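coords below, sequence missing:
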Ligand code: UFG
């Protein structure tokens with residue numbers, strides 16, 4: 001069975017392609033390489049022993065998207081990752097986000113419909129929940145959607161609505177939106193991992209780059225939040241557990257196990273960890289003393305959010321298996337391999 005993975009050379013995409021191929025799926029990747037490298041395709045081949053097909057073009061181009069689907073008539077499902085994802089940048093350049101994230105989705109659904117491709121898995125985010133009210137922690141899928149704090153977050157909400165409305169209007173397409181919590185870590189081979197462009201926004205790559213000496217010091221954004229140690233709490237999830245959730249979602253669709261034509265699942269571990277918990281785990285698994293300081297709060301940060309994954313566990317038959325130490329250990333292994341030139345990436 002062949003799956004189109006858009007954004008398949010990116011962080012979550014590349015790990016998911018590995019997991020799909022190791023589970024017997026064929027994969028064709030489409031990626032415009034805005035924020036990733038084609039070397040990911042070589043790395044995937046090295047891990048899996050089989051090469052995914054790969055085409056590089058911009059999915060906001062309707063003609064190119066349509067030509068692609070005309071040439072690939074054997075696609076049976078689409079996992080759509082390709083999107084811009086930097087929260088801060090989206091505030092400064094909203095149209096870049098709306099244009100890319102929304103138009104590519106519309107083009108893909110249009111072509112799926114035209115070519116009778118039924119199955120769509122969409123890459124959504126727990127950002128749609130904003131800061132949940134206390135009665136919704138851990139947060140279930142039916143918790144209210146809060147007004148998005150950034151254009152990036154808004155594109156995820158809009159995308160979920162576009163999928164829901166289209167599926168309501170035509171019963172040819174089925175969709176699953178996976179709302180990811182905080183993906184971190186890397187494939188155990190350290191051949192693929194997270195490769196942020198420039199200065200990382202996210203905690204884990206900032207930690208590993210600081211430990212490696214690329215950044216002088218990690219700033220912990222605020223320790224005066226109403227949490228046990230004062231730092232914000234997130235549901236960090238190992239990237240390979242997240243990758244497996246996509247295989248489970250595709251199987252649920254193709255095995256005819258969906259209960260509605262559009263389903264939404266939280267993809268988290270169900271456990272929240274603070275920024276200091278992550279730092280402590282990192283120091284333990286790496287043996288490196290991390291240089292960090294407490295800094296002012298970062299604007300727009302959620303105080304605490306973690307998933308209620310019980311619906312995913314039950315319905316998808318999927319459960320996160322790796323713990324925080326596995327996450328920090330694999331992230332560090334990847335950072336070192338990359339910096340020592342042991343990977344295929346530039
Ligand atoms: N943090 C620091 N210092 C840093 C970077 C992060 O203290 O240098 C803290 C943040 O303040 C936050 C925690 O680490 O408390 C996690 O921050 P990340 O930026 O790694 O993750 P976020 O939860 O803020 O953002 C992530 C994704 C977004 C998504 C959001 C949904 O990056 O794409 O989850 O909640 F929208």
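That came through, no problem. All values derive from a computational prediction rather than experimental measurement. Residues are numbered from 1 along each chain as shown.

Excluding residues flanking it in the chain, which one is nearest the residue of the stretch 51-200 of the chain found nearest the ligand?
As assessed by C-beta to the nearest ligand atom, the ligand sits closest to residue 127 within the stretch 51-200 of the chain, at 3.4 Å. All C-beta spots, glycine's among them, are computed from the backbone N, C-alpha and C. Distances taken as C-beta to C-beta, 6 or more residues apart in numbering put residue 153 closest to residue 127, at 4.3 Å, once the chain neighbours are dropped.

name the helices or strands packed onto the helix or strand where that neighbour lies?
Taking DSSP states H and E as the criterion, residue 153 maps to helix 151-169. Judged by 3 or more C-beta pairs under 8 Å, 6 or more residues apart in numbering; DSSP states H and E, helix 151-169 is in contact with helix 87-92, helix 94-97, helix 104-114, strand 119-125, strand 174-180, strand 262-267.

contact partners of it?
Contact with helix 151-169 is made by 83-87, 89-91, 94, 97-98, 101-102, 105-106, 109, 113, 120, 122, 124-125, 127-128, 130, 145, 148, 173-175, 177, 261-262, 264, as judged by C-beta atoms under 8 Å, 6 or more residues apart in numbering.

From these, list the buried ones, please.
Buried by 16 or more other C-beta atoms under 10 Å: 83-87, 89-90, 97-98, 101-102, 105-106, 109, 120, 122, 124-125, 127-128, 130, 148, 173-175, 177, 261-262, 264, out of the contacts of helix 151-169.

which residue ranges form the helices in this protein?
Using DSSP state H, the helices of the chain run over residues 11-22, 39-48, 62-71, 87-92, 94-97, 104-114, 151-169, 203-212, 239-254, 275-286, 310-311, 324-339.

Output the set of residues of this protein in proximity to the ligand.
85, 87, 125-127, 153, 182, 201-203, 206, 218-221, 232, 234, 275, 298, 301-302 (C-beta under 6 Å from any ligand atom).

just the buried members of these?
Buried among the residues of the chain next to the ligand (16+ other C-beta under 10 Å): 85, 87, 125-127, 153, 182, 202-203, 206, 218, 220-221, 232, 234, 275, 302.

Quick check: which ranges of the protein have low pLDDT?
Of all residues in the chain, none has pLDDT under 70.
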